[in-house]
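K.L.:
Can you look at this prediction? I've put the sequence above it.
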Amino acid sequence: MKLSRSWTTRPRRVGESHDAYVFVSRLEFLRAIDEGKFLEWAEYLGNLYGTPAPDPADQDDLILEIDLQGAKSIKENYPSSLVIAIEPPSLKELELRMRSRGDSDDHVSHRLAIAEEEIGLARRLADEVVVNDDWRSAVVAIAKIITQKRAARR
(Lines give C-alpha, C1' and ligand atoms only; values in the text may rest on other atoms or scores of the structure.)
Protein backbone atom coordinates (compact mmCIF):
# COMPACT_ATOMS: atom_id res chain seq x y z
CA MET A 1 0.00 0.00 0.00
CA LYS A 2 1.04 3.55 -0.47
CA LEU A 3 -0.44 6.95 0.26
CA SER A 4 -1.21 9.17 -2.70
CA ARG A 5 0.05 12.72 -2.33
CA SER A 6 -2.68 15.11 -3.43
CA TRP A 7 -2.13 18.35 -5.30
CA THR A 8 -3.63 21.65 -4.17
CA THR A 9 -3.67 25.31 -5.13
CA ARG A 10 -4.22 26.48 -1.56
CA PRO A 11 -1.30 28.04 0.28
CA ARG A 12 0.61 25.97 2.79
CA ARG A 13 -0.53 26.55 6.36
CA VAL A 14 1.94 27.88 8.90
CA GLY A 15 3.77 24.88 10.31
CA GLU A 16 2.37 22.49 7.69
CA SER A 17 4.84 20.03 6.25
CA HIS A 18 6.15 20.83 2.76
CA ASP A 19 5.21 17.33 1.65
CA ALA A 20 1.62 17.40 2.98
CA TYR A 21 0.53 18.20 -0.59
CA VAL A 22 2.08 19.05 -3.89
CA PHE A 23 1.50 22.82 -3.69
CA VAL A 24 1.07 24.29 -7.18
CA SER A 25 -0.29 27.36 -8.90
CA ARG A 26 -3.82 27.39 -10.28
CA LEU A 27 -2.41 27.52 -13.82
CA GLU A 28 -0.21 24.46 -13.23
CA PHE A 29 -3.18 22.58 -11.75
CA LEU A 30 -5.43 23.48 -14.71
CA ARG A 31 -2.74 22.26 -17.13
CA ALA A 32 -2.58 18.94 -15.26
CA ILE A 33 -6.38 18.61 -15.57
CA ASP A 34 -6.14 19.20 -19.32
CA GLU A 35 -3.41 16.56 -19.54
CA GLY A 36 -5.58 13.98 -17.70
CA LYS A 37 -3.17 13.63 -14.78
CA PHE A 38 -5.79 13.18 -12.05
CA LEU A 39 -7.95 10.26 -10.90
CA GLU A 40 -10.26 12.90 -9.45
CA TRP A 41 -10.18 16.59 -8.71
CA ALA A 42 -12.51 19.14 -7.18
CA GLU A 43 -12.75 22.75 -6.16
CA TYR A 44 -13.39 23.39 -2.48
CA LEU A 45 -13.61 26.83 -0.87
CA GLY A 46 -11.97 28.40 -3.92
CA ASN A 47 -8.99 26.04 -4.02
CA LEU A 48 -8.39 23.08 -6.30
CA TYR A 49 -7.50 19.64 -4.93
CA GLY A 50 -6.68 16.53 -6.93
CA THR A 51 -5.42 12.98 -6.73
CA PRO A 52 -2.76 12.21 -9.31
CA ALA A 53 -3.25 9.06 -11.37
CA PRO A 54 -0.76 6.35 -10.38
CA ASP A 55 1.74 4.81 -12.74
CA PRO A 56 -0.15 1.96 -14.49
CA ALA A 57 2.77 -0.39 -13.75
CA ASP A 58 2.42 0.20 -10.00
CA GLN A 59 0.49 -2.70 -8.44
CA ASP A 60 0.36 -1.33 -4.89
CA ASP A 61 -3.02 -0.53 -3.35
CA LEU A 62 -3.36 3.23 -3.32
CA ILE A 63 -4.67 5.06 -0.26
CA LEU A 64 -6.38 8.35 -1.06
CA GLU A 65 -6.84 10.96 1.65
CA ILE A 66 -9.64 12.97 0.03
CA ASP A 67 -12.78 14.93 0.76
CA LEU A 68 -16.36 13.95 0.11
CA GLN A 69 -16.41 15.28 -3.47
CA GLY A 70 -13.32 13.28 -4.30
CA ALA A 71 -14.67 10.12 -2.68
CA LYS A 72 -17.90 10.43 -4.64
CA SER A 73 -15.99 10.83 -7.89
CA ILE A 74 -13.74 7.85 -7.12
CA LYS A 75 -16.72 5.64 -6.19
CA GLU A 76 -18.51 6.61 -9.43
CA ASN A 77 -15.46 5.98 -11.63
CA TYR A 78 -13.97 3.06 -9.69
CA PRO A 79 -16.96 1.28 -8.08
CA SER A 80 -14.88 -1.49 -6.53
CA SER A 81 -12.90 1.07 -4.50
CA LEU A 82 -13.16 0.84 -0.74
CA VAL A 83 -14.33 4.12 0.80
CA ILE A 84 -13.79 4.56 4.53
CA ALA A 85 -15.29 7.71 6.05
CA ILE A 86 -13.30 9.00 8.99
CA GLU A 87 -15.31 11.35 11.14
CA PRO A 88 -14.66 13.34 14.30
CA PRO A 89 -16.24 12.28 17.58
CA SER A 90 -18.14 15.59 17.75
CA LEU A 91 -18.48 18.93 15.97
CA LYS A 92 -16.84 20.62 18.97
CA GLU A 93 -13.81 18.35 18.59
CA LEU A 94 -13.74 19.09 14.85
CA GLU A 95 -13.65 22.80 15.65
CA LEU A 96 -10.82 22.32 18.16
CA ARG A 97 -8.78 20.30 15.66
CA MET A 98 -9.21 22.90 12.89
CA ARG A 99 -8.26 25.76 15.22
CA SER A 100 -5.22 23.85 16.53
CA ARG A 101 -3.89 23.48 12.99
CA GLY A 102 -4.28 27.21 12.38
CA ASP A 103 -7.42 27.43 10.23
CA SER A 104 -8.93 30.91 10.00
CA ASP A 105 -12.17 31.81 11.79
CA ASP A 106 -13.94 32.12 8.42
CA HIS A 107 -12.77 28.68 7.31
CA VAL A 108 -13.76 27.08 10.62
CA SER A 109 -17.21 28.73 10.52
CA HIS A 110 -17.83 27.59 6.95
CA ARG A 111 -16.71 24.01 7.61
CA LEU A 112 -18.82 23.73 10.76
CA ALA A 113 -21.87 25.10 8.91
CA ILE A 114 -21.72 22.22 6.42
CA ALA A 115 -20.20 19.53 8.66
CA GLU A 116 -23.41 17.77 9.70
CA GLU A 117 -24.60 17.51 6.11
CA GLU A 118 -21.18 16.28 4.94
CA ILE A 119 -21.03 13.66 7.71
CA GLY A 120 -24.47 12.36 6.69
CA LEU A 121 -23.48 12.22 3.02
CA ALA A 122 -20.20 10.49 3.87
CA ARG A 123 -22.00 7.85 5.91
CA ARG A 124 -24.26 7.05 2.95
CA LEU A 125 -21.39 6.96 0.45
CA ALA A 126 -18.86 5.03 2.52
CA ASP A 127 -18.46 1.30 2.69
CA GLU A 128 -17.28 1.69 6.30
CA VAL A 129 -17.22 4.49 8.90
CA VAL A 130 -14.55 5.01 11.57
CA VAL A 131 -14.89 7.60 14.34
CA ASN A 132 -11.51 9.17 15.03
CA ASP A 133 -11.83 9.76 18.76
CA ASP A 134 -8.41 8.23 19.43
CA TRP A 135 -6.00 8.08 16.51
CA ARG A 136 -4.42 4.78 17.59
CA SER A 137 -7.80 3.05 17.77
CA ALA A 138 -8.83 4.60 14.45
CA VAL A 139 -5.66 3.29 12.78
CA VAL A 140 -6.29 -0.21 14.13
CA ALA A 141 -9.92 -0.11 12.94
CA ILE A 142 -8.91 1.07 9.46
CA ALA A 143 -6.17 -1.56 9.18
CA LYS A 144 -8.68 -4.27 10.16
CA ILE A 145 -11.17 -3.09 7.52
CA ILE A 146 -8.49 -3.06 4.82
CA THR A 147 -7.21 -6.50 5.81
CA GLN A 148 -10.75 -7.96 5.69
CA LYS A 149 -11.50 -6.38 2.30
CA ARG A 150 -8.22 -7.58 0.82
CA ALA A 151 -8.91 -11.13 2.06
CA ALA A 152 -12.43 -11.04 0.57
CA ARG A 153 -11.03 -9.82 -2.75
CA ARG A 154 -8.73 -12.84 -3.06
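P.N.:
Yes, it's here. Residues are numbered from 1 along each chain as shown.
K.L.:
State which helix of this protein is the longest.
P.N.:
The residue-count maximum for a helix in the chain (DSSP state H) belongs to helix 105-125.
K.L.:
which residues touch that one?
P.N.:
Surrounding helix 105-125, the residues in contact under the criterion CB atoms under 8 Å, 6 or more residues apart in numbering are 45, 68, 71-72, 75, 83, 85, 87, 91, 94-95, 98-99, 103, 129. Glycine gets a C-beta too; all of them are placed from N, C-alpha and C.
K.L.:
which residues in this structure form helices?
P.N.:
26-34, 68-77, 91-100, 105-125, 135-153.
K.L.:
report the angle between the axes of the longest one and helix 91-100?
P.N.:
So that's helix 105-125. Here helix 105-125 runs at an angle of 130 degrees relative to helix 91-100 (axes from the mean of the first three to the mean of the last three CA atoms, to 10 degrees).
K.L.:
one step back: farthest-separated two in the contacts of helix 105-125?
P.N.:
The widest separation within those, taken as CB to CB, falls between Lys75 and Arg99 and amounts to 30.8 Å.
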